[in-house]
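Asker: sequence below, structure please.
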Amino acid sequence: MDAAQALGELMELSSQITAAVVLDGDGTSVASSSEDAARTDALATATRELVAAAAGLGSGGHGVTRVEVELTNGAFFVVSEGGHTVGATTGPDPTSGLVVYDLRTCAQAIAPPKKRRTRKPKEESK
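Answerer: Numbers count the residues shown, from 1 in each chain. A predicted model of the protein is given here:
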């Protein structure tokens, strides 16, 4: 599934998410819930900066998988999985676990499929 389709499903299914953006592994915005370029850029920039700030706090070289920030009138969530990062805003008092689940589901839907091992062809009996 492509990023725009996955994000469309996210926005349709999650009543708590008010805006969302999907970034690829390079931090480039590949899908947005908003058609407003300035809003998309602001959300993408905030997502990249939050991931960078959280990564600076960690040790051991492990990547950031989840960040949640409570705001006065809502919250901001970032989830990274499968080579994609999804950043989303919510209204007040979101159900954090549900929002994170929805964001992970979105990211997993656009993650490249895992490589399958190919079997060696059977030798024909002689």
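
Asker: next up, the contacts around residue 64.
Answerer: 51, 54-55, 58, 78, 80 (C-beta atoms under 8 Å, 6 or more residues apart in numbering). The C-beta positions use only the backbone N, C-alpha and C, and glycine is treated the same way.

Asker: now the one residue sitting closest to the centre of the chain, what's its secondary structure?
Answerer: By C-alpha atoms, centre = their mean, the chain has its centre lying nearest to residue 86, at 2.2 Å. Reduced to three states with DSSP: H, G, I helix; E, B strand; the rest coil, the structure at residue 86 is strand.

Asker: okay, the contacts of residue 64 in JSON lines with distance to residue 12 and neighbour count next?
Answerer: Putting the contacts of residue 64 into JSON lines (distance: C-beta to C-beta, whole Å; neighbours: other C-beta atoms under 10 Å) gives the following:
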{"residue": "51", "distance to residue 12": "26", "neighbour count": "20"}
{"residue": "54", "distance to residue 12": "28", "neighbour count": "17"}
{"residue": "55", "distance to residue 12": "31", "neighbour count": "14"}
{"residue": "58", "distance to residue 12": "34", "neighbour count": "10"}
{"residue": "78", "distance to residue 12": "21", "neighbour count": "25"}
{"residue": "80", "distance to residue 12": "22", "neighbour count": "23"}
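
Asker: of these, which pair is most distant in space?
Answerer: Across these, the longest distance by C-beta to C-beta is 13.9 Å; it joins 58 and 78.

Asker: any idea which element the closest residue to the residue nearest to the centre of the chain other than its chain neighbours lies in?
Answerer: In this structure, residue 86 finds its nearest non-sequential neighbour in residue 103, 4.7 Å apart by C-beta to C-beta, 6 or more residues apart in numbering. Following DSSP states H and E, one finds residue 103 within helix 96-110.

Asker: other SSEs contacting that helix?
Answerer: helix 3-13, strand 17-23, strand 66-71, strand 74-81, strand 84-90 (3 or more C-beta pairs under 8 Å, 6 or more residues apart in numbering; DSSP states H and E).

Asker: winner for burial among the ones you listed?
Answerer: Highest mean neighbour count among the helices and strands packed on helix 96-110 (mean count of other C-beta atoms under 10 Å): strand 84-90, with a mean of 25.
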